[in-house]
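Q: Sequence isn't available, so here's the structure alone:
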């Protein structure tokens, strides 16, 4: 029986040109069996981004083993990007985690100047 890993994604941002997607490592398989401690050191994650909570998904980054965060594409002003992540141990992959989003608002516009009535 193929084991699938359950994954919980969390989201945080950095004040730079990249956003940081972070998550908690799963501790059990969907069967309830625990993930062995040595497997955490070989577990990698793949991040994805897309235009909506259902994709379509574009591959973003693949982490080094054991890493539980990754820099991802920052939305442009006025844009919302959705992100998700999946876990991988050897040839076993999890489903994608619930998607999270980040929106970057447009900067405020200055009001017109020199307005007069004649």
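A: Received, thanks. Worth saying up front: this structure is predicted, and the values here are computed from it rather than measured.
Q: C-alpha only now, for contacts and for neighbours.
A: OK.
Q: Give the bridge partners for residue 101, please.
A: With DSSP bridges as the criterion, residue 101 is bridged to residue 82.
Q: Same question for residue 21.
A: residue 11, residue 70.
Q: and it, how many neighbours?
A: Residue 21: 22 surrounding residues under other CA atoms under 10 Å.
Q: Surely it and residue 69 touch.
A: Yes - taking CA atoms under 8 Å as the definition, residue 21 is a contact partner of residue 69 at 5.5 Å.
Q: Please enumerate the shared neighbours of these two.
A: Common neighbours of residue 21 and residue 69 (criterion: CA atoms under 8 Å, 6 or more residues apart in numbering): none identified.
Q: residue ranges of the strands in the chain, please?
A: Ranges of strands in the chain, per DSSP state E, are 8-12, 18-24, 44-50, 58-62, 69-73, 79-89, 92-93, 100-104.
Q: so for the first one, what's the average pLDDT?
A: In this case it means strand 8-12. Per-residue pLDDT over strand 8-12 has a mean of 40.
Q: can you check the shortest one too?
A: In this model, strand 92-93 has a mean pLDDT of 87.
Q: That strand pairs with which strands, parallel or anti?
A: strand 79-89 (antiparallel).
Q: can you list contacts of the strand it pairs with?
A: Outside strand 79-89, the residues touching it (CA under 8 Å, 6+ apart) are 5, 7, 9, 21, 39, 42-53, 55, 74-75, 93-105.
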